[in-house]
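> Please work out how this folds:
(one chain, ligands or ions: 2)
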Amino acid sequence: MDSRELVRTRSAQVRKVAMKVLELISKGLRTAYFRDELCHNVTLSVNHYPPCLDPSLTLDVPKHCDPNLITILLQEDHVNGLQVFKDGEWISVEPISQALVINIGHQLQIINNGKLKSAEHRVVTSSSHSRTSAAFFIMPLDDCIVELVGALISASNPQLYKPFQYKEFFINYVIKQGKTEVLLEMFKLQA
Ligand SMILES: O=C(O)CCC(=O)C(=O)O
Ligand SMILES: [Fe+2]
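Numbers count the residues shown, from 1 in each chain. Ligands and ions are numbered 1, 2, ... in the order given. Next up, the predicted model:
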């Protein structure tokens, strides 16, 4: 199997995993099932981080939330690096052999009216080990209109975000360079 074929096969397999996770999430939230155009594209990003002599000087990946719907990440065994921001502190996401990390992206947060939050994360450097990770980004089609799924809104839980085209969001994600609050504010209904 050549590398193009391998990526195609693995992407299709990982998309199936993502669809299962999304199905369980929609059952849990009692919402309608996700439209195909919301999770149609899969982009694989393979990251290789060489050791850094002084980890206090830099990060491998600065803090951000993923802009897409959901990310499925394979970490390298035994090498820490990924951290998630929770309750005011950075917590290491320890690699577990054969396990995948599921990361909620901005679009999943938006279509669930903020019930599930996209997790802010970063990658710290190591002075002694290199690290490789493979991130499969499940994302909407560029022209897909992103809007609430199901009947999640009520008087006590008003609609937070306005409908928009995914490409409009993505352009602003790049412009705002990971400034989550500023970015989400732009897509709020009262903005
Ligand atoms: O390398 C990792 O563990 C995460 C990379 C990441 O957050 C990303 O590519 O968006
Ligand atoms: Fe990320």
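> rest of the way, CA atoms for contacts and neighbours
Will do.
> Spell out which parts of this protein neighbour ligand 1.
By the rule CA under 6 Å from any ligand atom, the part of the chain lying against ligand 1 is N47, D66, L82, V123, S133, A135.
> which helices and strands does the strand or helix carrying the fifth one pack with?
Secondary structure from DSSP states H and E places S133 in strand 131-139. Using 3 or more CA pairs under 8 Å, 6 or more residues apart in numbering; DSSP states H and E, the elements in contact with strand 131-139 are helix 3-29, strand 41-49, strand 70-74.
> same question for the helix or strand following the last one, mean pLDDT?
Of the helices and strands lying after strand 70-74 in sequence (DSSP H and E), the nearest is strand 82-86. Averaged across strand 82-86, the pLDDT comes to 97.
> List of residues touching strand 82-86?
W90, I91, S92, V93, E94, A119, E120, H121, R122, V123, V124 (CA atoms under 8 Å, 6 or more residues apart in numbering).
> same deal with stretch 66-73?
The contact list for stretch 66-73, computed with CA under 8 Å, 6+ apart, reads 14, 18, 38-39, 100-108, 118, 133-140, 170, 173.
> Put the buried members of the residues you listed into a ChimeraX selection.
In ChimeraX syntax, the buried subset of the contacts of stretch 66-73 is picked out as below (16 or more other CA atoms under 10 Å):
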select :14,18,38,39,100,103,104,105,106,107,108,118,133,134,135,136,137,138,139,140,173
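> picking that back up, past the strand holding S133, which element shows up next along the chain?
Downstream of strand 131-139 (by DSSP H and E), the next one is strand 145-146.
> same for that next one, what does it pack against?
strand 164-165.
> Contact partners for L189?
For L189, the contacting residues are Q159, L160, Y161, K162, by CA under 8 Å, 6+ apart.
> how deep is E89 tucked in, by neighbour count?
The number of residues packed near E89 is 9, by other CA atoms under 10 Å.
> ok, what's across the strand from it?
K86 (DSSP bridges).
> mind listing what P163 touches?
Here P163 is in contact with I145, V146, E147, L148 (CA under 8 Å, 6+ apart).
> I figured the second one hits E168, correct?
No. V146 is not in contact with E168 according to CA atoms under 8 Å; the separation is 10.3 Å.
> Show me which of those two is the more surrounded one.
Under the criterion of other CA under 10 Å, the comparison of V146 against E168 puts V146 first, with 22 against 13.
> Most neighbours among the contacts of L189, which one is it?
Within the contacts of L189, neighbour counts (other CA under 10 Å) peak at Y161, which reaches 23 neighbours.
> number of nearby residues for the residue lying closest to that one once chain neighbours are set aside?
Sequence neighbours aside, K188 is the residue nearest to Y161 in space, at 4.2 Å (criterion: CA to CA, 6 or more residues apart in numbering). Each residue near K188 was counted by other CA under 10 Å, and the total is 14.
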